[in-house]
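K.L.:
This is a predicted model, with the sequence first.
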Amino acid sequence: MSSADKQYHPLTTAIVRGLNDKLYDKRKNAALDVERLIKSLAAAGDYTSISKVLNCLQENFAYSGNANSRKGGLIGLAAIAIALGQTDSIEQFLPELVPPVLGCFTDTDNRVRYYACEAMYNISKVARLQILNFFNRIFVGLFKLASDSDPSVKNGAELLDRLIKDIVNEDSSALDLATFVPLLQERIYTEEPHSRQFLVSWMTVLEAMPRLNIKVYLPTLLEGLFRMLSDTNLEIRRMCEGVLGEFLRDVKEPTDTDFQAMVRIVLKFCISEDPLTKLMAISWLHNFACIAKEQMLPYMPEVLGAVLPALSSSVDGKLRDLAAASNDNLMELINTADTTILTLEDGKAVPSTPTAEAADTTAETASSEGAVAVPKAVDSVDMQAADASDRFNIASLIVILTLMLLHDSVATRLGALRWFHLLQSKLPTIVFGYVDEFVPALLKVLSDPSEKVVGFDLKVLAALSSCESPDDESGKEVAEAFFKRIMMDVLDLFSTDQELFEQRGSFIIRSLATDVGASRIYRELAGILLQEDDVKFASLMVQMLNMILLTSPELFDLRQQLKKMETEESRSFFCTLFKSWCHSPMSTYALCLLAQQYEHACQLLLKFSDLPMTVPILVEVDKLIQLLESPVFTFLRLQLLEPQRHAYLIKALYGLLMLLPQSAAYSTLKNRLDCIPTIVSSLQLLVEEEQARHQGDRALMLKRDVQSGIDFTDLLQHFDAVQTQRAQSQPQSQSVAAPATSTGSPLRLQQPAKS
């Protein structure tokens, strides 16, 4: 035997020549000869010779530098596997059969790679479950071939891949996930489409095998799957959506996997610009909230930072509905959570309220105009929720909600306001400690174009203003200081934003009066306006407040209180309003009519003779006359039927008539006064009383002031002082002359002459 024959022994020269041939048919025939040879050696139990054949095919063919030899070696190795498949000895030869075939998966020759796939297919088909001992190495090879540029190689790899999946389905317990999952994790961030399809298909197979429990390793795979979900390839997106949906259904308890890690991963994709990715991420968060409940509390800021913007989706109705359901679920979670859990931060109770000085500090208004890129802002805030802590971080949550108030979507802003309202009702004392952080943003929302947003914003401000004060005196001072701060800020907004004042001013005041209490709102605003330096704004504000007081259904009880003035509190309230109402003379006059202080109204009219009758004042008179014909003053019109009892009312109305030029308002009031019976005898009573007053007998008048509890003299002096201040603080307005008398002098309401 020559040295060449010894090198290939026990292969014959013909077999060696055939395996090295460039023609496929000759290599195939040689492979059949190898199969017959192995069968005979196996039947004889000559496993040593079989090993020699394997070694020969490895060294001289599979690892050869000649492509035809490598092809022959691969087909020969497959023939050996087929021959050994008819015996029980194939498992012991797999360590020699598999490695050289796997080595050819990366061969530079396309045909060699194809024959490698074919050889591995035949080996696997024969070995079945035993081939799973090499599963990880086969998987790595298939991953490379999935993106092969040659179609035939790719097809061969796909056939082999399907076979391996079938074998795995036969007995998944043979897989070692602890060593396999890291291989998936290393490759899951690939962007090559075919490789992505390959990986997702394998995760789909593994997920369908309950015995494997791959969900334990889900945190290591989840991010890669979500990245693939935004692939431009529709098939990959469909496959990822399917496998993520299945994984989501598998996670039924937070203990099934590393829950915290998955929450942090999913949150990254909730701000994705890809609708499908965002929808899937919100779906996962919704599921987490349902199964984990209180374990979600540490992540509430980031979760809301993802869910609230999704409420505004105008493209995907399914996403919008899912976000709304998630938001409602999270709100219910907070609403039903134990307050003790919510009030702990780093294991200690959160401080209750700030100092009175802090509550009274002027907060800066939000600096940015319009919408902001909320997702980026949210992402930049350090939430510290990744710590191994179960605390509920309300400070971070308030930061997120405050940012959401600047979002360009009405639904998102409404969602944030609902959260503020919930937190205030659930944790009023704690939320009050952060008012300086978010109240400026709430005030800015008053200028929101959506009336629905403004309405809910007012509910939040009203809830904060109505927050029950602590029992201690310092706590009450803080609460009162905060309420005053809110009212001052509202007036500041009105003074600087004329459009807001004109379009929303009445709505804002009425809403606050309804939710907080009309008496409290009016008393506080009157006190602030009393110190207002801008007399023009003060006058406009008083006119608006007066119109609301006289016409708003929400203030019916307050009007009744002023009409009767049966208590010391109501009389004090009248005096408080009167002093502020002095900024608008006609509003002051209307207040006296509402409070049935007709004599005092007459005294005010006499003061009007010293005031310039400007167009704005005449317009106010015109409006008042229209109001006198409205249901609000029905009681006053009925009192005109008793002129003997209400003589000062008649004088007050005639005095008002004398202020007017000939106009429609003049005719309206005159027609009303013409209906009064026995006017002469009523006025005679007034003449007698005026004569008594100017003769120096004021005992009766003083007695009346004492009985009513109102010092009208002091109020009149205050009225004079305010009018002087108004005259000094603005240029003299051009008066509008009243119609002249026959002598050419202006018509004025004169005081009765002394007798």
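P.N.:
Looks like it arrived, so ask away.
K.L.:
pLDDT score for the most centrally placed residue in the chain?
P.N.:
In the chain, the C-alpha nearest the mean C-alpha coordinate belongs to residue 308, at 3.0 Å (C-alpha atoms, centre = their mean). In this model, residue 308 is scored at 92, pLDDT.
K.L.:
so what's it up against?
P.N.:
Contact analysis of residue 308 by C-beta atoms under 8 Å, 6 or more residues apart in numbering lists 323, 327, 404, 407, 412, 415-416, 419. (Each C-beta comes from the backbone N, C-alpha and C, glycine too.)
K.L.:
and the gap between it and residue 412?
P.N.:
Counting by C-beta to C-beta, to the nearest Å, the gap from residue 308 to residue 412 is 5 Å.
K.L.:
Overlap of the contact sets of the two?
P.N.:
By the contact definition C-beta under 8 Å, 6+ apart, residue 308 and residue 412 are jointly contacted by residue 404.
K.L.:
Just give me how far stretch 548-558 sits from the chain centre.
P.N.:
35 Å (C-alpha atoms, centre = their mean, to the nearest Å).
K.L.:
check contacts around residue 584.
P.N.:
Residue 584 touches 539, 542-543, 546, 620, counting by C-beta under 8 Å, 6+ apart.
K.L.:
Could you single out the nearest of those residues to residue 300?
P.N.:
Closest to residue 300 out of the contacts of residue 584 is residue 542 (44.8 Å), distances taken as C-beta to C-beta.
K.L.:
That closest one touches residue 580, doesn't it?
P.N.:
Yes - judged on C-beta atoms under 8 Å, residue 542 makes contact with residue 580 at a distance of 6.2 Å.
K.L.:
So the residue nearest to the centre of the chain belongs to a helix, correct?
P.N.:
Yes - judged by DSSP: H, G, I helix; E, B strand; the rest coil, residue 308 forms part of a helix.
K.L.:
now it: how far from residue 320?
P.N.:
Taking C-beta to C-beta, one finds residue 308 at 12 Å from residue 320.
K.L.:
What count of nearby residues applies to the nearest residue to residue 466 once chain neighbours are set aside?
P.N.:
Nearest residue to residue 466, sequence neighbours excluded (C-beta to C-beta, 6 or more residues apart in numbering): residue 516, at 5.4 Å. Per other C-beta atoms under 10 Å, the neighbour tally for residue 516 reads 21.
K.L.:
just checking, residue 516 touches residue 465?
P.N.:
Yes - using C-beta under 8 Å, residue 516 is in contact with residue 465, at 5.1 Å.
K.L.:
helix or strand right after the one helix or strand residue 302 maps to?
P.N.:
Assigned by DSSP states H and E, residue 302 falls within helix 300-310. Once helix 300-310 ends, the next helix or strand along the chain (criterion: DSSP H and E) is helix 317-336.
K.L.:
can you give me the angle that next one makes with helix 300-310?
P.N.:
Angle, helix 317-336 to helix 300-310, by axes from the mean of the first three to the mean of the last three C-alpha atoms, to 10 degrees: 140 degrees.
K.L.:
what comes into contact with helix 317-336?
P.N.:
Helix 317-336 has contacts (C-beta under 8 Å, 6+ apart) with 275, 278-279, 282-283, 285-286, 289-290, 293-294, 296-297, 300, 303-304, 307-308, 310-314, 342, 411, 415, 418-419, 422-423, 426.
K.L.:
ok now do the residue nearest to residue 466, which residues does it touch?
P.N.:
By C-beta under 8 Å, 6+ apart, the contact set of residue 516 is 462, 465-466.
K.L.:
That one and residue 457, how far apart?
P.N.:
Per C-beta to C-beta, residue 516 is found 14 Å from residue 457.
K.L.:
before we move on, what about residue 407?
P.N.:
Residue 407 is 14 Å from residue 457, by C-beta to C-beta.
K.L.:
which of the two has more neighbours?
P.N.:
Higher neighbour count among residue 407 and residue 457: residue 457, with 28 against 22, using other C-beta under 10 Å.
K.L.:
Helix or strand: which one has the nearest residue to residue 583 once chain neighbours are set aside?
P.N.:
Nearest residue to residue 583, sequence neighbours excluded (C-beta to C-beta, 6+ apart): residue 538, at 4.1 Å. Assigned by DSSP H and E, residue 538 belongs to helix 535-551.
K.L.:
quick one: secondary structure of residue 575?
P.N.:
Three-state call for residue 575 (three-state DSSP): helix.
K.L.:
Now it. Nearest residue, chain neighbours left out?
P.N.:
Nearest non-adjacent residue to residue 575 (C-beta to C-beta, 6+ apart): residue 710, at 6.2 Å.
K.L.:
ok, the one you found touching residue 577?
P.N.:
No - if you go by C-beta under 8 Å, residue 710 and residue 577 don't touch, sitting 11.8 Å apart.
K.L.:
ok, the two, which is more surrounded?
P.N.:
Set residue 710 next to residue 577 and count neighbours by other C-beta under 10 Å: residue 577 wins out with 26 against 20.
K.L.:
show me the contacts for the more buried one.
P.N.:
Going by C-beta under 8 Å, 6+ apart, residue 577 touches 522, 526, 562, 591.
K.L.:
Among these, which pair sits farthest apart?
P.N.:
Across these (C-beta to C-beta), the longest gap, 12.5 Å, separates 526 and 562.
K.L.:
Give me the more crowded residue out of those two.
P.N.:
residue 562 (22 against 19).
K.L.:
and the more buried one, what is it in contact with?
P.N.:
570, 573-574, 577, 591, 594-595.
K.L.:
Which element, helix or strand, includes residue 280?
P.N.:
Assigned by DSSP H and E, residue 280 belongs to helix 275-292.
K.L.:
Which strands and helices lie in contact with that helix?
P.N.:
Using 3 or more C-beta pairs under 8 Å, 6 or more residues apart in numbering; DSSP states H and E, the elements in contact with helix 275-292 are helix 218-228, helix 234-250, helix 259-269, helix 300-310, helix 317-336.
K.L.:
so that helix versus helix 259-269, what angle?
P.N.:
150 degrees.
K.L.:
okay, helix 275-292 in PDB with CA atoms only?
P.N.:
Written as PDB, here are the backbone C-alpha positions of helix 275-292 (Å, rounded to 0.1, in the frame of the first residue of the first chain):
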ATOM      1  CA  PRO A 275     -47.300  54.300  16.600                       C
ATOM      2  CA  LEU A 276     -47.100  50.500  16.900                       C
ATOM      3  CA  THR A 277     -44.100  50.600  19.300                       C
ATOM      4  CA  LYS A 278     -45.900  53.200  21.400                       C
ATOM      5  CA  LEU A 279     -49.100  51.200  21.400                       C
ATOM      6  CA  MET A 280     -47.300  48.000  22.500                       C
ATOM      7  CA  ALA A 281     -45.300  49.900  25.200                       C
ATOM      8  CA  ILE A 282     -48.500  51.400  26.600                       C
ATOM      9  CA  SER A 283     -50.100  48.000  26.500                       C
ATOM     10  CA  TRP A 284     -47.300  46.500  28.600                       C
ATOM     11  CA  LEU A 285     -47.600  49.400  31.100                       C
ATOM     12  CA  HIS A 286     -51.300  48.900  31.300                       C
ATOM     13  CA  ASN A 287     -50.800  45.200  32.000                       C
ATOM     14  CA  PHE A 288     -48.100  46.000  34.600                       C
ATOM     15  CA  ALA A 289     -50.500  48.300  36.400                       C
ATOM     16  CA  CYS A 290     -53.200  45.600  36.500                       C
ATOM     17  CA  ILE A 291     -51.000  42.800  37.900                       C
ATOM     18  CA  ALA A 292     -48.400  44.700  39.900                       C
END
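K.L.:
just the strands in the chain please.
P.N.:
344-345, 348-349 (DSSP state E).
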